[in-house]
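Colleague: Predicted model follows, preceded by the sequence.
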Amino acid sequence: MTTPEEFNLRAWGLPDPAELAALAAGWFPEFAGAEPAARTAEATARTAAARPRAPADWEALAAGPGPSPEPPAYAPLVLPQDRAGSAAAGAYGPPPDPAARTGNTYKYSQIYVGSRSLEAIRADFPIFREQVNGRDLVWLDNAATTQRPRQVIDRLSRYYERENSNVHRGAHELAARSTDAYEDARGKAARFIGAPSADNIVFVRGATEGINLAAQAYVRPYLKPGDEIVLTMLEHHANIVPWQLVAGETGAVLRVAPIDRTGQIVLSEYGRLFNSRTRFAAITQVSNALGTVTPAAEMVQIAHSRGVRVLIDGAQSVSHLPVNVSALDADFFVFSGHKIFGPTGIGVLYGKSDVLEAARPYQGGGNMIADVTFERTVYRKAPAKFEAGTGNIADAVGLGAALDYVSAIGMENIAAWERELLRYAMKEMAGVPGLRLIGTAAEKASVFSFVLEGRGLEETGSYLNSRGIAVRAGHHCAQPVHRYFGLEGTVRPSLAFYNTPEEIDRLVRALYELA
Ligand code: PMP
């Protein structure tokens, strides 16, 4: 293997063995040791052998479906108009005959999320005027991506119509406008997640790139053969594969924290995974497959008490819960714009100042440098150090507009409304014959995955699509957690704050038809 320095120096015919050795030792300590090929083989074997140490009952669970978990007891749904004592109170709920479930039992114009009616909120999203298979679109694929409000779409147009320029470089009016808009968006992202400063915010392509950046730029250079990285069974492939890559290249090993039957992390077991070889931990805050809200703050505390830094994958949390990276004490935190009503191709990597300073650059190029000669480059400080080349300026600005939009409604209000919707959905769905809910943790957000006896995943997804209802059917890029439950996938409806009880009714009605 050749380090980037070796490659560059050789390419330019400037090999300086002493300088080269010093650079390699500093950036890739493992290069000083064994033959890379031998080390890579050993690393592959160790990673393959690394399995979660599960107590007997978890192993049984991993071996097969086992008994269906008890459906949780849900308190009756209380919609805001009930609290106000309106005539609609108690007028809905599952009637004994599903065929009687045709009439809408309440109006979402009466439901408020924060100070805005659900009707007004939905009017902000042009896509909800779409018809799919002759019916009004029901968008229940929010965990895959969310829809964009007019405010975000308009902000993108305004950027291109009035501000478009490259940032930072030009000394003219439009460069100033675009730079202001871009850096404003960085400030909005920092405030939205409670970061101390905009300098802690690196714009990336999305959560996936954020995790890869942290893995390659911060963690990899410190890894030696036998070192360990702690993950959890709940992770999305985006929070598994980047760690596998760095482990495979360095001889490090992945350790995986188990979950219980409801799909929640077992905290006592989590602590036991840490030892003197643990170098890093990565955890999801909300599982995209089960909706489990993990005890992320406690997990960070456990890791920190062992001197281990932590990355939190917030791809599924930021749009559903108020998030504060400072309160979580996260060392890194990532999220994607498209999962929080913003554009695709833009996301955020938050890093504490010291980890960003310690990390090596991820990519080289313009923008990230203070000074370049053919012999060496002096990098700018974070976040510029990690933003080589021309960034996704317009979409960063669009993300800022999306964060403004949800902030105006209030993340607490959004979380409270979604809790009610989720409780309603799970209560209604539990009555569908042959339906098994997967992921029943007490702390849960947005996602209500299920399998339907005698019906395939694709069959269920297609049937729902024929009714105008969009859900995901498959493994949702989280194969390990499905296999833990003895499944290869689920059907996954997932909510956002713009969804309505009426849409849940349409889903449940279609499931009754199918069952
Ligand atoms: N983590 C989780 C928990 C996710 O749900 C996703 C997207 N499904 C990702 C990471 C990756 O996000 P992106 O594809 O936007 O990079």
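Modeller: Now that the structure is in, tell me what you want to look at.
Colleague: pLDDT value on the spatially most central residue of the chain, please?
Modeller: The residue lying closest to the centre of the chain (C-alpha atoms, centre = their mean) is Ala315, at 1.6 Å. The pLDDT attached to Ala315 in the predicted structure is 98.
Colleague: Also Ala289?
Modeller: The predicted structure scores Ala289 at 97 on the pLDDT scale.
Colleague: so it sits right up against Gly439, yeah?
Modeller: Yes: when contacts are counted by C-beta atoms under 8 Å, Ala289 is listed as touching Gly439 (6.9 Å). Where you see a C-beta, it was placed from the backbone N, CA and C, and this is true even at glycine.
Colleague: Give the intersection of the neighbour lists for these two.
Modeller: Taking C-beta atoms under 8 Å, 6 or more residues apart in numbering as the contact rule, Ala289 and Gly439 both touch 447, 449.
Colleague: Between the two, which has more neighbouring residues?
Modeller: Regarding Ala289 and Gly439, a neighbour count based on other C-beta atoms under 10 Å identifies Ala289 as having more, with 31 against 25.
Colleague: which residues touch the residue lying closest to that one once chain neighbours are set aside?
Modeller: Closest residue in space to Ala289, ignoring its immediate chain neighbours: Ala478 at 4.1 Å, by C-beta to C-beta, 6 or more residues apart in numbering. Under the criterion of C-beta under 8 Å, 6+ apart, the contact list for Ala478 reads 234-237, 287-289.
Colleague: Recalculate using a threshold of 10 Å.
Modeller: Under the criterion of C-beta atoms under 10 Å, 6 or more residues apart in numbering, the contact list for Ala478 reads 233-240, 284, 287-290, 449, 484, 489-490, 492.
Colleague: Now narrow these to whatever sits close to the ligand.
Modeller: If you filter those for contact with the ligand, counting by C-beta under 6 Å from any ligand atom, you are left with 236, 238-239, 284, 288.
Colleague: Export the residues you listed as CSV, with columns for secondary structure, neighbour count and distance to Leu273.
Modeller: Formatted as CSV, the entries for these read as follows, by DSSP: H, G, I helix; E, B strand; the rest coil; neighbours: other C-beta atoms under 10 Å; distance: C-beta to C-beta, whole Å:
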residue, secondary structure, neighbour count, distance to Leu273
His236, coil, 23, 19
Ala238, helix, 22, 21
Asn239, helix, 26, 16
Thr284, strand, 29, 16
Asn288, coil, 29, 22
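Colleague: so what pLDDT did Val355 get?
Modeller: What the model reports as pLDDT for Val355 is 98.
Colleague: Give me the contact list for the strand or helix carrying it.
Modeller: Under DSSP states H and E, the secondary-structure element containing Val355 is helix 353-358. If you take C-beta under 10 Å, 6+ apart as the criterion, helix 353-358 is touched by 195-197, 199-202, 214, 217-219, 221-222, 309, 311, 331-332, 349-352, 381-383, 385-386.
Colleague: Repeat the analysis, applying 6 Å as the threshold.
Modeller: 218, 331, 382 (C-beta atoms under 6 Å, 6 or more residues apart in numbering).
Colleague: Dig out what the nearest residue to the second one once chain neighbours are set aside forms beta bridges with.
Modeller: What sits nearest to Asp331 in space, not counting adjacent residues and going by C-beta to C-beta, 6+ apart, is Arg309, at 4.1 Å. Using DSSP bridges, the beta-bridge partners of Arg309 come out as Phe280.
Colleague: Look up how far Ala358 lies from Arg309.
Modeller: Taking C-beta to C-beta, to the nearest Å as the criterion, Arg309 is separated from Ala358 by 10 Å.
Colleague: same question, Ala195
Modeller: For Ala195 relative to Ala358 (C-beta to C-beta), the value is 17 Å.
Colleague: Repeat that for Val378.
Modeller: Distance of Val378 to Ala358, given as C-beta to C-beta: 17 Å.
Colleague: Go ahead and confirm Ala473 touches Gly461.
Modeller: Yes: under the criterion of C-beta atoms under 6 Å, Ala473 makes contact with Gly461 at 3.3 Å.
Colleague: Give me the more crowded residue out of Val378 and Ala358.
Modeller: Applying other C-beta under 10 Å to Val378 and Ala358 shows that Ala358 carries more neighbours, namely 14 against 9.
Colleague: how far away is that one from the ligand?
Modeller: In this view, Ala358 and the ligand are 24 Å apart by C-beta to the nearest ligand atom, to the nearest Å.
Colleague: Could you tell me the model confidence score at that residue?
Modeller: Reported pLDDT at Ala358 in the predicted model: 97.
Colleague: Kindly report the same for Ala330.
Modeller: Each residue has a pLDDT score; the one for Ala330 is 98.
Colleague: Could you report the neighbour count for the residue nearest to it when sequence neighbours are not counted?
Modeller: Distances taken as C-beta to C-beta, 6+ apart place Ile312 nearest to Ala330, at 4.5 Å, with adjacent residues excluded. Neighbour count for Ile312, taken as other C-beta under 10 Å: 28.
Colleague: does Ile312 sit in a helix or strand, and which one?
Modeller: Applying DSSP H and E as the criterion places Ile312 in strand 309-313.
Colleague: any idea how far the ligand is from Phe485?
Modeller: 17 Å.
Colleague: Give me the three-state assignment for Gly461.
Modeller: Assigned state for Gly461: helix (three-state reduction, DSSP: H, G, I helix; E, B strand; the rest coil).
Colleague: need the contact list for it.
Modeller: Under the criterion of C-beta under 6 Å, 6+ apart, the contact list for Gly461 reads Ala473.
Colleague: one more time with 8 Å
Modeller: Listed by C-beta under 8 Å, 6+ apart, the contact set of Gly461 reads 471-473, 491.
Colleague: all strands for the stretch 151-300 of the chain, in order.
Modeller: 201-204, 228-232, 253-257, 278-284 (DSSP state E, counting those that start in this stretch).
Colleague: Do a quick rundown of the strands in the stretch 401-515 of the chain.
Modeller: Assigned strands in the stretch 401-515 of the chain, in chain order: 435-438, 449-452, 469-470, 472-474, 490-492 (criterion: DSSP E, counting those that start in this stretch).
Colleague: residues of the last one that come out buried?
Modeller: Read it as strand 490-492. The neighbour-count check on strand 490-492 (16 or more other C-beta atoms under 10 Å) flags 490-492 as buried.
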